[in-house]
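Asker: Provided below for reference: sequence and predicted model.
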Amino acid sequence: MESRAPRVLVMLPNAIGDIVVSLPMLKAISGAGWLCDVVIDEAAAGLSRLYAPWVNRELSLPVKRWRRTSILSDLRKRLAVTALVRRNRYEALICMSGVGSLSAWLAVAAGIPIRVTEKRRESAPLKRIARRFVFPHQIDFGKECNNKRTTHVATQYLDLLEPLGIKMSPEETAMLLHGRHRRISVGDKGVQRVVIAPEASEIGRSLPLQEVIDIVNGLREATVGLEISMVGLPGGVANMAARDLGLSACIGLPLDGLVDEIARSHAVIAVDSGPGHIAAACGVPLVSIFGPGNPVTFCPLGDASSIVLLSKHLPCQPCLRNGCNGSGRAECLEGLPIMVIIDAVLQFLRKDKDGAHA
């Protein structure tokens, strides 16, 4: 009788960037011969095209809004999910987004034998004891946890695989250029397109409006026939810049639409946010602008020759705060070297044209 492949259920993080930098881990699981299913918040399900090569099944659930309904409705959902997980007979569960009520429920009620998560230094003793009971395998990163990391998050995600007997380095699980994958087509060669993603979900992590205007005007002066579009949130700086400059804008796109918009562009300019990580994963050349965030721990993963990291390198960077002194504005995102950004984009576009004519 043919033995079946072992199965692992991975509870993915909620943030877009965290999900994208977990791709090397998903690739490592698949490469080691495990069948990998993932639990993802329904709002982030549009990223499934990025991890489709390595994931067997996606369980899209209302993770963030789980308790917005009645306790009875909540219990019914949990029982239905638990029954599904029990039928699949998983050998392992990896929780990447903190131990919430859903992950703890599944770990115990579904009878998954290998249960792994990152060790957190909780202040409450009872919480530490409960966490140890639910997740016997807790990978201790010491001081390398939460906002104190000095190692890239993707490397730590790979360390979560040790209890499964999977040991791989980031080099062994180098990111695939998803632009070569048949489900994502990168760039329409007819018209060159640049997408600007100037916003992050956290306050104080977005480019000021004037910086965006200066970048767009610089690109317009440097090249003719370039299509520039904005992606962002309703009422944000992308929306305001598009209105003031007469640009097309994709505001409030669902994630699958955002992936499409980025994947068919020829270059992306983005702050430290989800769209930048999507661009790198899709193989789209990227100028990634870091302000309060740390590029050592969270730089986008992809072809290094197609990623330019930009920072003002102020003494206070990275502070990991949402703006200077609680002001909601970050000095490290003001007065950027605009011509450096424009020159990097132009080099990407010239390289693309040369490749098209070769």
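Answerer: Sure thing, it's come through.

Asker: burial of residue 153, as a residue count?
Answerer: Look at residue 153: counted by other CB atoms under 10 Å, it has 20 neighbours. C-beta: built from backbone N, CA, C; applies to glycine.

Asker: Return the set of buried residues in the helix or strand containing residue 132.
Answerer: Secondary structure assigned from DSSP states H and E places residue 132 in helix 125-134. When neighbours are counted by 16 or more other CB atoms under 10 Å, the buried residues of helix 125-134 are found to be 131, 134.

Asker: average pLDDT for that helix?
Answerer: For helix 125-134, mean pLDDT rounds to 79.

Asker: elements contacting it?
Answerer: Using 3 or more CB pairs under 8 Å, 6 or more residues apart in numbering; DSSP states H and E as the contact criterion, the elements in contact with helix 125-134 are helix 101-109.

Asker: to the chain's geometric centre, what's the distance from the next helix or strand after the helix it packs on?
Answerer: From helix 101-109 onward toward the C-terminus, using DSSP H and E, the following helix or strand is strand 114-118. Using CA atoms, centre = their mean, to the nearest Å, the mean C-alpha position of strand 114-118 is found 21 Å from that of the whole chain.

Asker: average pLDDT across strand 114-118?
Answerer: pLDDT averaged over strand 114-118 gives 90.

Asker: List the contacts of it.
Answerer: Surrounding strand 114-118, the residues in contact under the criterion CB atoms under 8 Å, 6 or more residues apart in numbering are 91-96, 98-99, 103, 107, 131, 134-139, 141, 145, 156, 160, 163-164.

Asker: Equivalent analysis for stretch 201-218, please.
Answerer: Contacts to stretch 201-218, defined as CB under 8 Å, 6+ apart, come from residues 15, 196, 198-200, 228, 230, 233, 236-238, 240-241, 244-245, 247, 269, 271-274, 289, 291-293, 321-324, 327-330, 333-334, 336, 338-339, 341-342.

Asker: how many neighbours does residue 261 have?
Answerer: As a burial measure, the neighbour count of residue 261 was computed by other CB under 10 Å and equals 19.

Asker: actually residue 331, not the one I wrote
Answerer: Count around residue 331 with other CB under 10 Å applied: 16.

Asker: what do you get for the one 4 residues further on?
Answerer: Residue 335 has 11 neighbours, counted by other CB under 10 Å.

Asker: That one - that's part of a helix, no?
Answerer: No: secondary structure assignment places residue 335 outside any helix; it is coil (DSSP: H, G, I helix; E, B strand; the rest coil).

Asker: and it, what does it touch?
Answerer: Contacts of residue 335 were listed using CB under 8 Å, 6+ apart, and they are residue 312.

Asker: can you tell me how far it sits from residue 255?
Answerer: With distances taken as CB to CB, to the nearest Å, residue 335 is found 32 Å from residue 255.

Asker: Mind checking which of the contacts of stretch 201-218 are buried?
Answerer: Applying 16+ other CB under 10 Å to the contacts of stretch 201-218 flags 15, 196, 198-200, 228, 230, 236-238, 240-241, 247, 269, 271-274, 289, 291-293, 321-324, 330, 333, 336, 341-342 as buried.
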